[in-house]
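**Q** give me a model of this one.
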Amino acid sequence: MAYPDTFEGFAVTDTAKWSTTKKIEFTPKTFQEHDIDVKIHACGICGSDVHTVCGGWAKPDLPVIPGHEIVGEVVRVGPKVKGFEIGQRVGVGAQVWACLECDTCKDNNETYCPQWVDTYNATYPDGDKAWGGYSSHIRVHDHFVFPIPDELPTNAVAPMLCAGITTYSPLVRNGAGPGKKVGIIGIGGLGHFAIMWARALGCEVYTFSRTHSKEADAKKLGTDHFIATWEDKDWAKKIGRKLDFIISCGNSATNFDMDGYLSVLKVHGKLISVGLPEEPFTLSAGSFIKNGCYLGSSHLGNRQEMLDMLKLAADKGISSWYEELPISEEGLKEGLERCHNNDVKYRFTLTGYDKAFK
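**A** Below is the predicted model of the structure:
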């Protein structure tokens, strides 16, 4: 069979060989009245893909086809879909469904819906399986499909659909703007976006990294201040209680100086962790009492935040820092392994879908 009955994609079938993929044919979810089929043109490789396929977070539902930073064109729309047309360029991020009826969804917090469905390695309430963007096509509820502004090139915008919105949402929800002093921990796939968004929103930006090796990049991205926490003596004392909030983008909790970071927050300041290390943070209740600070997290961003983020990128000329790789067994192996080793500046975008899928 072939489209629209079946799609093709590159799947991981064994967590012991997590960087090895095999092209398979699969049956997508049942097409429903609010669904859109997207023919994929590009997809980012996210750190989440690596955590999932190697079983770092939990045992995946094999076979799994990763990928949730998707850009493509609309090729089919359900009868109740509005605002989209055949041939339109669109994006799909890390969520493909929510009930849209519960109190959480009605409060525009659909990314926290108790029934949310991730783009891959997830199951719909009716039992259908979700398959990601290392595929020829993806089938998605229209609420989670986003028009892409003409100003944003396909391969550059793809990483914004997860890494971009993951950092944009907590910034705007915590009042990022002129007069705010914001800290960004980690300069990588998430952190490089966080710096650019914070700068574009008018914040004074403090970037934290373990060494000075990425200082030049941080300054190009727009940071005002750079702190190397392993090399700058008494860094926490020098900026004690200066920051309104911190976005933590780090991928590791090893030797993470939680006390130091919390100490640079103003009274009732927040540290919001958007990185998801496989190992736990080390915490003490006493760390919070001195300035009454808070520790929290954030999951993606709602529909309006995604649209606002894309508009900001278009208006300000913001682009991800990325490398291109062909979608193939070889390209995916290189991308997954280099992503695992933090050997990328700072995202990968998979291209060449027209060659991989006939």
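
**Q** which residues touch the helix ranked longest in the chain?
**A** In the chain, assigned by DSSP state H, the helix with the most residues is helix 303-316. Contacts to helix 303-316, defined as CB atoms under 8 Å, 6 or more residues apart in numbering, come from residues 91, 93, 108, 110, 143-144, 146-152, 157, 160-161, 164-165, 168-169, 172, 197, 200-201, 301, 318-319. For every residue, glycine as well, the C-beta is placed using N, CA and C.

**Q** for ChimeraX, write a command that selects the buried ones of those residues.
**A** Selection of the buried residues among the contacts of helix 303-316 in ChimeraX, burial being defined by 16 or more other CB atoms under 10 Å:
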select :91,93,110,143,144,146,148,152,157,160,161,164,165,168,169,172,197,200,201,301,318
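
**Q** sitting in helices, which of the contacts of helix 303-316 do you find?
**A** Those of these lying in helices (DSSP H): 157, 164-165, 168-169, 172, 197, 200.

**Q** and the furthest pair within those?
**A** Taking CB to CB as the measure, the ones in helices among the contacts of helix 303-316 span a maximum distance of 18.6 Å, between 157 and 172.

**Q** the residue nearest to residue 239 when sequence neighbours are not counted and residue 297: what is the separation?
**A** Spatially, and ignoring its direct neighbours in sequence, residue 239 is nearest to residue 264 (5.0 Å; CB to CB, 6 or more residues apart in numbering). Note on residue 264: its distance to residue 297, by CB to CB, to the nearest Å, is 19 Å.

**Q** these two: who's more crowded?
**A** Remark: of residue 264 and residue 297, residue 264 carries more neighbours, 25 against 12, as counted by other CB atoms under 10 Å.

**Q** how far does stretch 205-220 stretch from start to finish?
**A** 12 Å (CA to CA, to the nearest Å).

**Q** which parts of it are buried?
**A** 205-210, 214-215, 217-218.

**Q** of those residues, closest to residue 325?
**A** The closest of the buried residues of stretch 205-220, once distances to residue 325 are taken by CB to CB, is residue 217, at 20.6 Å.

**Q** need the helix or strand of this structure with the lowest average pLDDT.
**A** When each helix and strand of the chain is scored by mean pLDDT, DSSP states H and E, helix 286-289 comes last, with a mean of 90.

**Q** hmm, who's touching that helix?
**A** Contact partners of helix 286-289, identified using CB under 8 Å, 6+ apart, comprise 258-259, 262, 294-295.
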